[in-house]
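1. this is a predicted model, with the sequence first.
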Amino acid sequence: MEKYNIEGTPKTPAVNFDLAAGLLEIRGRSIPENSIEFYKPVTDLLDKYGASPKANTTVNVQLEYFNTSSSKCILDIFKKLETIHKGGSSIAINWYYEEDDEDMLEAGEDYQAIISVPFKMVQVAE
């Protein structure tokens with residue numbers, strides 16, 4: 001399985017994971033009924049990907065909003081990426097936030113402080 005895609009809904013983000021290209025994208029709103037169940041396929045794929053990752057992996061996260069249970073799952077994803085990074089692969093996380101969304105900027109900065117992976121804050125216009 002080289003590509004994994006989940007269509008976004010009003011409650012769940014779009015997830016696109018191209019294993020062959022080393023690209024993971026998460027975009028939209030993340031307020032699923034069961035965050036653990038929603039993100040489990042992504043964390044499982046990261047376990048598989050971590051066995052033979054690309055030399056460079058890019059992660060683009062552009063969320064409008066996420067709930068508390070999603071924040072834990074996102075942290076779990078970042079921790080798996082951190083493990084891959086410590087294994088010698090280059091990981092770059094791009095955290096996109098709208099220019100007036102201080103909450104999303106702070107959330108990205110919180111993750112940046114926890115995870116030992118290159119983390120770039122990217123401001124986008126509304």
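-> Received the coordinates, thanks.

2. burial measure for residue 103, as a count.
-> 9 (other CB atoms under 10 Å). Every residue, glycine included, has its C-beta placed from N, CA and C.

3. list the buried residues in the host helix or strand of it.
-> Assigned by DSSP states H and E, residue 103 belongs to helix 102-114. Neighbour counts over helix 102-114 (16 or more other CB atoms under 10 Å) mark 104, 105, 107, 108, 111, 112 as buried.

4. please identify which of the residues you listed is nearest to residue 46.
-> Closest approach between these and residue 46, by CB to CB: residue 111, at 15.5 Å.

5. give me phi/psi at the closest residue to that closest one other than its chain neighbours?
-> Closest residue in space to residue 111, ignoring its immediate chain neighbours: residue 78 at 5.8 Å, by CB to CB, 6 or more residues apart in numbering. Phi and psi for residue 78, reported as degrees, to the nearest 10, are phi -60, psi -40.

6. tell me how many other residues crowd residue 78.
-> If we define neighbours as other CB under 10 Å, then residue 78 has 23 of them.

7. ok, it to residue 114 distance?
-> Per CB to CB, to the nearest Å, residue 78 is found 7 Å from residue 114.

8. then residue 53?
-> 21 Å.

9. gap between the most far-flung residue of the chain relative to its centre and residue 50?
-> Centroid-distance maximum for the chain: residue 100 at 21.2 Å, with CA atoms, centre = their mean. Computed as CB to CB, the residue 100 to residue 50 distance reads 36 Å.

10. and if you look at residue 7?
-> Distance from residue 7 to residue 50, by CB to CB: 25 Å.

11. of these two, who's got more company?
-> residue 50 (16 against 10).

12. I'd like the distance between that one and residue 101.
-> Distance, residue 50 to residue 101, by CB to CB: 31 Å.

13. mind showing which ranges of this protein have poor pLDDT?
-> Counting by pLDDT under 70, the chain has low-confidence residues at 1.

14. ok, longest strand in it?
-> Looking across the chain with DSSP state E, the single longest strand is strand 56-66.
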